[in-house]
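K.L.:
only the shape, not the letters, is given here:
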């Protein structure tokens, strides 16, 4: 669970949601209707990551996945992301790195003498 998904990077937020009844963890509980989560974040922890590109994922046991998650709002003034989930799991917020990061392609120098 250490690798971010695809071309994303960590946005410094990981949390686990569990459901207990009488002290018993119900494990991977699925809701009949989606549950809306509102998660506050500290923009100072994002570094150069864009708040507009924050994306929630959940750990499916082997990889980070986002199927069944839907972002409903990112409030960049109050620094909150709102999204819906259908089940409980370990969640993390990721973001794509800024597009203005320079990339370089190096070619060897070839001369004919």
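P.N.:
Yes, it's here. The structure presented is a predicted model; accordingly, all values stated were derived computationally and were not measured.
K.L.:
quick check: which ranges of the chain have low pLDDT?
P.N.:
In the prediction, the chain carries residues with pLDDT under 70 at positions 1, 99-107, 110-111, 113.
K.L.:
now the strands for it?
P.N.:
9-16, 20-21, 24-25, 30-40, 54-59, 64-65, 70-75, 80-87, 90-95 (DSSP state E).
K.L.:
list the buried ones in the first one?
P.N.:
By that I understand strand 9-16. For strand 9-16, the neighbour count (16 or more other C-beta atoms under 10 Å) marks 9, 10, 11, 12, 13 as buried. All C-beta spots, glycine's among them, are computed from the backbone N, C-alpha and C.
K.L.:
report all helices and strands that that strand contacts.
P.N.:
Contacts defined by 3 or more C-beta pairs under 8 Å, 6 or more residues apart in numbering; DSSP states H and E place strand 9-16 against strand 90-95.
K.L.:
now do the strand it packs on: everything it contacts.
P.N.:
With contacts defined as C-beta atoms under 8 Å, 6 or more residues apart in numbering, strand 90-95 is touched by 1, 4-5, 8-17, 37, 39, 41, 46, 49-51, 53-59, 64, 81, 85.
K.L.:
just grab the bridge partners of the residue nearest to the spatial centre of the chain for me.
P.N.:
In the chain, the C-alpha nearest the mean C-alpha coordinate belongs to residue 93, at 2.6 Å (C-alpha atoms, centre = their mean). Per DSSP bridges, the residues bridged to residue 93 are residue 13, residue 56.
K.L.:
state the distance from it to residue 36.
P.N.:
15 Å (C-beta to C-beta, to the nearest Å).
K.L.:
neighbours of residue 95, how many?
P.N.:
Residue 95 has 22 neighbouring residues, counting by other C-beta atoms under 10 Å.
K.L.:
I should have written residue 98 there, sorry.
P.N.:
11.
K.L.:
quick revisit: let's have the strands of the chain in CSV, adding distance to residue 109.
P.N.:
Listed next are the strands of the chain as CSV, based on distance: least, C-beta to C-beta, whole Å:
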stretch, distance to residue 109
strand 9-16, 33
strand 20-21, 65
strand 24-25, 62
strand 30-40, 50
strand 54-59, 41
strand 64-65, 41
strand 70-75, 46
strand 80-87, 48
strand 90-95, 37
